[in-house]
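A.B. asks: One predicted model, sequence on top.
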Amino acid sequence: MPARFQSVERGMIAAVATTLECLAPPEPRPEPANLAGSIEARPGIDVETYLGLYRHVGADHLWFSRLYMSRDELAAILASPRTEVYAYRVGARDEGILELDFAEAGACEIKYFGVARSLQGTGAARRLMNFALSRAFAAEGVRRVWLHTNTIDHPRALDFYRRTGFRPIGQEIEITPDPRLNGALPRDSAPHVPIFE
């Protein structure tokens with residue numbers, strides 16, 4: 001048996017990452033009738049616009065992996081025909097992000113999914129996920145849609161995915177440098193996660 005507790009070095013953060021999958025299109029979940037906003041495709045989105053939206057939605061949950069990529073590497077991902085990016089737009093501002101990855105034959109990974117704090121609890125995430133599953137399963141040959149979430153994400157994220165139709169299939173411990181200590185994200189991001197310097 002491994003030790004029950006593992007030390008995490010200073011300057012690092014740790015999270016339990018859960019992989020979930022959906023093997024058939026579920027029934028769409030009901031959306032509020034008066035819900036504001038629309039889902040818009042962002043083909044050819046440039047790196048800086050993408051990163052601005054990525055930070056806007058993800059900073060509260062310490063999304064960092066796209067911030068560590070070279071601009072050229074990220075630009076290649078965004079330009080790939082296997083990547084689709086969508087925004088949840090309210091008025092003149094993008095308030096949610098959906099990134100689908102069709103690189104794996106027969107599958108679609110929901111690479112990034114979320115709405116900004118101002119839309120949480122409104123039904124916007126439900127609308128965005130209904131769209132994500134509809135779009136993913138409509139692609140030729142897709143029989144599996146999957147994603148990751150972790151314990152730094154929104155506290156209701158795991159339950160949200162399960163109620164949508166995903167089932168957990170695995171867990172891992174992720175330990176990584178704290179992106180608030182190297183300037184990738186502001187120090188006041190995700191105040192629910194302590195900083196250990």
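C.D. replies: Noted; the coordinates are in hand. This is a predicted model, so every value here is computed, not measured.
A.B. asks: Just list the residues touching the nearest residue to residue 87 once chain neighbours are set aside, thanks.
C.D. replies: The shortest distance from residue 87 to any non-neighbouring residue, by CB to CB, 6 or more residues apart in numbering, is to residue 94 (3.9 Å). All C-beta atoms are positioned from the backbone trio N, CA, C, and that covers glycine. Counting by CB atoms under 8 Å, 6 or more residues apart in numbering, residue 94 makes contact with 53, 56, 87-88.
A.B. asks: same question, residue 128
C.D. replies: So residue 128 contacts 39, 86, 88, 96, 98, 113, 115 (CB under 8 Å, 6+ apart).
A.B. asks: and which of the residues you listed is nearest residue 22?
C.D. replies: Distance to residue 22 across the contacts of residue 128 (CB to CB) is lowest for residue 113, with 12.6 Å.
A.B. asks: Just give the closest residue to that closest one, not the sequence neighbours.
C.D. replies: Using CB to CB, 6+ apart, the nearest residue to residue 113 is residue 98, at 5.5 Å.
A.B. asks: Check residue 109 too.
C.D. replies: residue 101 (4.3 Å).
A.B. asks: May I ask you to name the longest helix in the chain?
C.D. replies: helix 124-138 (DSSP state H).
A.B. asks: tell me which residues in the helix or strand of the chain with the lowest mean pLDDT are buried?
C.D. replies: Within the chain, no helix or strand scores below helix 65-68, which has a mean of 94 by mean pLDDT, DSSP states H and E. Residues of helix 65-68 classed as buried: 66-67 (neighbour count, 16 or more other CB atoms under 10 Å).
A.B. asks: quick one: contacts for residue 39?
C.D. replies: 86-89, 96, 98, 127-128, 131.
A.B. asks: Just the buried subset of those, please.
C.D. replies: The buried subset of those (16+ other CB under 10 Å) comprises 86-89, 96, 98, 127-128.
A.B. asks: roughly how far is stretch 92-109 from the heart of the chain?
C.D. replies: 9 Å (CA atoms, centre = their mean, to the nearest Å).
A.B. asks: Can you list the buried residues in that stretch?
C.D. replies: Neighbour-count burial for stretch 92-109 [16+ other CB under 10 Å]: 94-102, 107-109.
A.B. asks: pull the CA atoms of it into CSV?
C.D. replies: In CSV, the C-alpha atoms belonging to stretch 92-109 read as follows (Å, rounded to 0.1, in the frame of the first residue of the first chain):
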residue,chain,number,x,y,z
ALA,A,92,-20.6,42.2,-26.5
ARG,A,93,-18.5,39.9,-24.3
ASP,A,94,-17.5,36.2,-24.5
GLU,A,95,-18.3,34.7,-21.1
GLY,A,96,-17.7,31.0,-21.8
ILE,A,97,-15.4,28.7,-23.7
LEU,A,98,-15.8,25.3,-25.3
GLU,A,99,-12.8,23.6,-27.0
LEU,A,100,-13.4,20.2,-28.8
ASP,A,101,-10.6,17.9,-29.8
PHE,A,102,-11.3,15.4,-32.6
ALA,A,103,-7.8,14.1,-32.8
GLU,A,104,-8.6,10.6,-31.6
ALA,A,105,-10.5,8.3,-34.0
GLY,A,106,-14.0,7.6,-32.9
ALA,A,107,-13.8,10.0,-30.0
CYS,A,108,-14.0,13.7,-29.0
GLU,A,109,-12.3,15.2,-26.0
